[in-house]
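# My questions are about this predicted structure, shown below with the sequence.
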Amino acid sequence: MSKQPVLRVDAQQNRERILAAADALFLERGAGASLEEVARRAGVGIGTLYRRFATREELLAATYNARLLTLAEASRARDAEHDPVSALRAYLEGLVINTTRYRGLALSLDTVLQSGTPGCDATTEEGQRLLHCGQQAGIIRPDVTFDDLVFVVTASSLAAEQDEALAARVSHLVDLFLNGISVR
């Protein structure tokens, strides 16, 4: 996990304005929205935006940080009440739902999760932990990787973005995948 440097007050305010503008614009136009427009809405120059966020994926990860932290924390909190497959199912459904918040985010999900924000790291660690628990319990195939989970979340998110009927069936899509990776 990368450590965030302490920012001057004005730099921190710029960062917060960029994140607020990015969130609003990504909600309106999707993850592919113009970064120049993000900078304009934030009232900063494009150079300021790129000094804080070198890539679109870094900006997406930063805008999603709190949501991903909440997803990972909620998943860990469910441990006592779910078996390994149910816990993995709830995690995957939550990640799909979160990924569809910004249209087009699914296309960058793998890169976003590798960006090093606390939320991305926590979400990745939780997914790996749940997968490992299912494999240790002998109910998830040993050849399944975390990358496989990300691919399925990406595919399910893209499908849900394209068809509102599929968006309502996220649980069904996740179940189809889990049935395919279960040992039984």
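Nice, thanks for sending it over.
# which residues sit in contact with residue 91?
Contacts of residue 91 were listed using C-beta atoms under 8 Å, 6 or more residues apart in numbering, and they are 71, 75, 126-127, 130. Bear in mind the C-beta positions are built from the backbone N, C-alpha and C, glycine included.
# And it, how far from residue 52?
30 Å (C-beta to C-beta, to the nearest Å).
# how about the nearest residue to residue 109, chain neighbours excluded?
Leaving aside its chain neighbours, residue 109 sits nearest to residue 154 (5.1 Å; criterion: C-beta to C-beta, 6 or more residues apart in numbering).
# per-domain residue ranges of this structure.
Domain assignment for the chain by automatic domain parsing gives 1-54, 56-181.
# Now tell me which helix or strand of this structure has the poorest mean pLDDT.
Averaged element by element with mean pLDDT, DSSP states H and E, the chain has its least confident helix or strand at helix 164-167 (a mean of 67).
# next helix or strand past that helix?
Beyond helix 164-167 on the C-terminal side, the first helix or strand identified by DSSP states H and E is helix 170-181.
# Which positions in that following helix come out as buried?
For helix 170-181, burial by neighbour count (16 or more other C-beta atoms under 10 Å) applies to 170, 173-174, 177-178, 181.
# Then stretch 113-131?
113, 115, 117-124, 126-127, 129-131.
# What lies in contact with it?
By C-beta under 8 Å, 6+ apart, stretch 113-131 touches 1-2, 57-58, 60-62, 64-69, 71-73, 75-76, 84, 87-88, 91, 95, 112, 140, 144-146, 149-150.
# Narrow the residues you listed to those in helices?
Members of the contacts of stretch 113-131 lying in helices (criterion: DSSP state H): 57-58, 60-62, 64-69, 71-73, 75-76, 84, 87-88, 91, 95, 112, 146, 149-150.
# If any of those residues are buried, put those into a ChimeraX selection.
Applying 16+ other C-beta under 10 Å to the ones in helices among the contacts of stretch 113-131, the buried members can be selected in ChimeraX as follows:
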select :57,58,60,61,62,64,65,67,68,69,71,72,75,84,87,88,91,95,112,146,149,150
